[in-house]
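Peer 1: I'd like to go over a predicted model; first the sequence, then the structure.
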Amino acid sequence: MRFLGRFLRLAALAAFAVSSAGISGGALAAEEIYGMAKFSLCKLPNHPFDYISMTSATAFSEDGARVAIGSDDRTVHVCETAGNVIKSIAVPSAKAEDDEYINFVALSADGSRLATASRDNMLRVWDVASGTEIATLKHERPIFFMEFSPDGSRIASAVGDTKVWLWDVATATEIAVLEHAQTIRSATFSPDGTRVVTADFDGAVRFWDAADGRKVADLAGHTKAVHEARFSADGTRIVTASGDGTARIFDAAKGIATLVLRHPAEVFSAAFSADGKLVVTGAANQAHIFDAALGRETLVLKGHEYEVNDANFSPDGTRIVTASSDGSIRVWDAASGEAVTVLERAHSSGSVDAAAFTPDGSRIISIGGPTGLAWTRLAPGSLPESAAGVWFADFGSPEQPLPPEIIRDVCVTMPIRVGADGLIVFFEGWGGGEPPRATMHLRCASETSCQVFAEAPAQGLEMQGEGSVTFADKRADLCLAGECRSIAQCAPVVWTDEEKASGFAAQWETAILGQAQ
């Protein structure tokens, strides 16, 4: 499963880990809150549940704007990660039976091309915009790995043996077959697409010309399986992770190791920072940060219970995200090594195989089993101080305003609490002398950017949608899912003696305002 998971991670996420942005300093906030998008990744029109019920494979475009999700009916849906379906493609099979699912999908860096594979030994390449099949690439056995070159013109594929195939997508022809003596564990294009680096179970790492498949160099030094090999952002260096307890940095032009980064355990992941000054590795249940020029270990990130399967820097270098077999994703301050976010039970599969930041740094994309998730960092909330207080849905009109007694009743039974911290909470009364209960929460970074949650915003909650609110004096327009309503500020509630004596007034104040009066 680790072999398979490693190839899937390379196919789905490797593009995120390298960015041209430089590293900037500065301390992070004590905690960053991430909302999760799962079912809402693809909003299927006319689907009874409005989401894909079973996922067989997931892949993201380089910028994280698009996701391809294989469903249980051999349909691949290419969607905006914000939710809308761009194209649904029904994938045929050359097998008469026993080929129920799409096992693997890949998107080109710009999301314009899709590759699919199942048990029929066929790698099919599709134009996303038109939904047409533009190449059919036949293999000897079922495919379990495929990756586009950065420009989408080539694709590398493997079937779990000693070979990797290079294909020209436009002509649907084989460019070359890259061979090892042992089963190949990883294959990765250089950032400019001109080279491919491969690694195998026996510790061999090879460097190839992507134009003709000519072997450029053997990168020697490892004595056990190399789990992955990855380029620096400028393509001048390669870092490898191996079962021999080392990560090695190679000069890509000369094909020689310049540094050996030693670990107390098997190394499963290694990646450069965007500016190439640091390397982060995953070994056992820890991540390690090294100076990429000197080979000196600078920090050890401790907190995961089980193996760290993947570790990557944010584009600005201030954070590191790790994915673990303990089922969690953690975000770390790269300067201090402190955890700023812990996303527990991130995937239903149990283990998280891979996690990486999108190029703008605002989201994390993760893969666990066949399922992909998008985690969006919520900006600090802020609304005008004058808006803080209790509001109500004003369904009156200038011609027929609501009577004061109706306004008072709505403010008590269905209040809307607005906080200057950006949190808007909707309450609804359930009768029986009980105070209203919270039914919906909005977290607003500004008046024009609010996220909707069923519960109080917390780490890893599923976002239900987006909204906005515009304040003007003691009135406002609140918009959710494209529908807007007018709300107005409530006057302070004057309680009756009966409401005070029954305890309802105190309970209401506590529930709505968080304080007893």
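Peer 2: Nice, I can see it. Residues are numbered from 1 along each chain as shown.
Peer 1: is it true that Ala505 lies in a helix?
Peer 2: Yes. Assigned with DSSP: H, G, I helix; E, B strand; the rest coil, Ala505 falls within a helix.
Peer 1: Give me the nearest residue to it, chain neighbours excluded.
Peer 2: Spatially, and ignoring its direct neighbours in sequence, Ala505 is nearest to Trp495 (4.1 Å; C-beta to C-beta, 6 or more residues apart in numbering). (Glycine included, C-beta is placed from N, CA and C.)
Peer 1: Please apply the same query to Thr371.
Peer 2: Thr55 is the one closest to Thr371 (C-beta to C-beta, 6+ apart), at 5.1 Å.
Peer 1: How about Leu442?
Peer 2: In this structure, Leu442 finds its nearest non-sequential neighbour in Ile424, 4.0 Å apart by C-beta to C-beta, 6+ apart.
Peer 1: Now that neighbour: which helix or strand?
Peer 2: strand 423-428 (DSSP states H and E).
Peer 1: picking that back up, wait, the residue nearest to Leu442 sits on Val418?
Peer 2: Yes. The criterion here is C-beta atoms under 8 Å, and Ile424 meets it with Val418 at 5.3 Å.
Peer 1: hang on, the earlier thing: mind listing the strands the strand holding Ile424 pairs with, and their directions?
Peer 2: strand 416-418 (antiparallel), strand 437-446 (antiparallel) (DSSP bridges).
Peer 1: just the ones you listed: most buried one?
Peer 2: Comparing the strands paired with strand 423-428 by mean neighbour count (mean count of other C-beta atoms under 10 Å), strand 416-418 ranks first with a mean of 23.
Peer 1: Would it be right to say that Pro492 lies in a helix?
Peer 2: No. Pro492 is assigned coil when assessed by three-state DSSP, not a helix.
Peer 1: dump the residue contacts of it.
Peer 2: Residues counted as contacts of Pro492 (C-beta atoms under 8 Å, 6 or more residues apart in numbering): none.
Peer 1: Common neighbours of Ile424 and Val418, please.
Peer 2: Leu383.
Peer 1: Now do the end-to-end distance for stretch 244-255.
Peer 2: Terminal residues of stretch 244-255 lie 20 Å apart, using C-alpha to C-alpha, to the nearest Å.
Peer 1: Could you give the average pLDDT over that stretch?
Peer 2: Per-residue pLDDT over stretch 244-255 has a mean of 95.
Peer 1: May I see the buried residues of that stretch?
Peer 2: The neighbour-count check on stretch 244-255 (16 or more other C-beta atoms under 10 Å) flags Asp244, Gly245, Thr246, Ala247, Arg248, Ile249, Phe250, Ala252, Gly255 as buried.
Peer 1: Could you do stretch 281-298 as well?
Peer 2: Thr281, Gly282, Ala283, Ala284, Asn285, Gln286, Ala287, His288, Ile289, Phe290, Ala292, Gly295.
Peer 1: then that stretch to PDB, C-alphas only?
Peer 2: Output in PDB follows, covering the C-alpha atoms of stretch 281-298 (Å, rounded to 0.1, in the frame of the first residue of the first chain):
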ATOM      1  CA  THR A 281      11.800  14.900   5.400                       C
ATOM      2  CA  GLY A 282       9.400  12.400   7.000                       C
ATOM      3  CA  ALA A 283      11.000   9.500   8.900                       C
ATOM      4  CA  ALA A 284       9.100   7.300  11.400                       C
ATOM      5  CA  ASN A 285       6.600   9.600  13.200                       C
ATOM      6  CA  GLN A 286       8.600  12.800  12.900                       C
ATOM      7  CA  ALA A 287       9.500  15.400  10.300                       C
ATOM      8  CA  HIS A 288      13.000  16.800  10.100                       C
ATOM      9  CA  ILE A 289      14.200  20.100   8.700                       C
ATOM     10  CA  PHE A 290      17.700  20.400   7.200                       C
ATOM     11  CA  ASP A 291      19.800  23.200   5.900                       C
ATOM     12  CA  ALA A 292      20.100  22.200   2.200                       C
ATOM     13  CA  ALA A 293      23.500  23.900   1.800                       C
ATOM     14  CA  LEU A 294      25.200  22.500   4.900                       C
ATOM     15  CA  GLY A 295      23.200  19.300   5.600                       C
ATOM     16  CA  ARG A 296      22.700  20.400   9.200                       C
ATOM     17  CA  GLU A 297      19.500  19.400  10.900                       C
ATOM     18  CA  THR A 298      17.800  22.500  12.300                       C
END
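Peer 1: What average pLDDT does it get?
Peer 2: On average, stretch 281-298 scores 98.
Peer 1: Equivalent analysis for stretch 133-140, please.
Peer 2: Stretch 133-140 comes out with an average pLDDT of 95.
Peer 1: List of residues touching it?
Peer 2: Against stretch 133-140 from outside (C-beta under 8 Å, 6+ apart): 113, 121-127, 155, 157, 159, 165, 167, 169-170, 172, 174.
Peer 1: One more pass at 7 Å, please.
Peer 2: Asn121, Met122, Leu123, Arg124, Val125, Trp126, Asp127, Ser157, Val159, Trp167, Val169, Ala172 (C-beta atoms under 7 Å, 6 or more residues apart in numbering).
Peer 1: got the CA positions of it in CSV?
Peer 2: The C-alpha coordinates for stretch 133-140 follow below in CSV (Å, rounded to 0.1, in the frame of the first residue of the first chain):
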residue,chain,number,x,y,z
GLU,A,133,-10.8,11.2,-25.9
ILE,A,134,-7.6,12.4,-27.5
ALA,A,135,-5.3,9.5,-26.9
THR,A,136,-5.6,5.8,-26.0
LEU,A,137,-2.3,4.2,-24.7
LYS,A,138,-2.3,0.4,-24.4
HIS,A,139,-0.3,-1.2,-21.7
GLU,A,140,0.8,-4.8,-20.9
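Peer 1: Any stretches of the stretch 101-250 of the chain with poor pLDDT?
Peer 2: Along the stretch 101-250 of the chain, no part satisfies pLDDT under 70.
Peer 1: Now do the helices in it.
Peer 2: In the stretch 101-250 of the chain, no helices are defined using DSSP state H, counting those that start in this stretch.
Peer 1: Flag every buried residue along stretch 108-128.
Peer 2: Judged by neighbour count using 16+ other C-beta under 10 Å, the buried positions of stretch 108-128 are 108-111, 113-126, 128.
Peer 1: Is the residue nearest to the spatial centre of the chain within a helix or a strand, and which one?
Peer 2: Nearest to the mean C-alpha position of the chain, by C-alpha atoms, centre = their mean, lies Ile365 at 1.4 Å. In the assignment (DSSP H and E), Ile365 maps to strand 363-368.
Peer 1: Val410 too?
Peer 2: Applying DSSP H and E, one finds Val410 within helix 404-413.
Peer 1: again with Ala311
Peer 2: For Ala311, the element it lies in under DSSP H and E is strand 308-313.
Peer 1: That strand: what's the following helix or strand?
Peer 2: Remark: after strand 308-313, the chain's next helix or strand is strand 319-324, criterion DSSP H and E.
Peer 1: Given that following strand, what are its sheet partners and their directions?
Peer 2: Strand pairing (DSSP bridges) places strand 319-324 next to strand 308-313 (antiparallel), strand 329-333 (antiparallel).
Peer 1: If the residue lying closest to Lys474 once chain neighbours are set aside is in a bridge, with which residues?
Peer 2: In this structure, Lys474 finds its nearest non-sequential neighbour in Gln489, 4.1 Å apart by C-beta to C-beta, 6+ apart. Here Gln489 sits in beta bridges with Trp391, going by DSSP bridges.
Peer 1: got the contact list for Gln489?
Peer 2: Applying C-beta under 7 Å, 6+ apart, the residues contacting Gln489 are Gly389, Trp391, Lys474.
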